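Participant: I would like to see how this sequence folds:
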Amino acid sequence: MWRAARTGSVRGMQGTVATFDAQSRTGTLLLDDGSELSFPAAAFEASGLRLLRLGQRVTISAGPDGEITRVELPGIR
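Facilitator: Numbers count the residues shown, from 1 in each chain. Model prediction:
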């Protein structure tokens, strides 16, 4: 499991959508270093997005506990 606790809150790290379940609104990302990271429905819902496509690039934000808090499209806020 990826953790941001050592550095505090993280914003702007990018990854690629590996899986996305539109019903549960959860999925997994592949970070640029090759590690896999799961995100909860709350992180997807915080973005205001309706759908993610496999292979789509996203930017993530995480709290100090390492929990993913937001999944966004790069350059869109």
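
Participant: neighbouring contacts of the longest strand seen in the chain?
Facilitator: Using DSSP state E, we find that the single longest strand of the chain is strand 10-21. Contacting residues not belonging to strand 10-21 are listed as 4, 26-32, 36-37, 51-62, 74 [Cβ atoms under 8 Å, 6 or more residues apart in numbering]. C-beta coordinates here come from the backbone N, C-alpha and C atoms, glycine included.

Participant: Point out the ones among these that are inside strands.
Facilitator: Counting by DSSP E, the contacts of strand 10-21 contribute 26-31, 36-37, 57-62 to strands.

Participant: what pairs with the least confident helix or strand in the chain by mean pLDDT, and is each one parallel or antiparallel?
Facilitator: In the chain, the helix or strand scored least confidently by mean pLDDT, DSSP states H and E is strand 10-21, which has a mean of 88. Strand pairing for strand 10-21, using DSSP bridges, gives strand 26-31 (antiparallel), strand 57-62 (antiparallel).

Participant: Alpha carbons of the longest strand of the chain, in CSV - could you do that?
Facilitator: In CSV, the C-alpha atoms belonging to strand 10-21 read as follows (Å, rounded to 0.1, in the frame of the first residue of the first chain):
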residue,chain,number,x,y,z
VAL,A,10,0.5,14.8,-1.5
ARG,A,11,-1.0,16.6,-4.4
GLY,A,12,-0.3,16.3,-8.1
MET,A,13,1.2,12.8,-8.3
GLN,A,14,0.1,11.2,-11.6
GLY,A,15,-0.8,7.7,-12.6
THR,A,16,-2.7,5.7,-15.2
VAL,A,17,-6.1,4.1,-14.7
ALA,A,18,-5.7,0.3,-14.6
THR,A,19,-9.2,-0.6,-13.4
PHE,A,20,-12.4,1.3,-12.8
ASP,A,21,-15.8,-0.1,-11.7
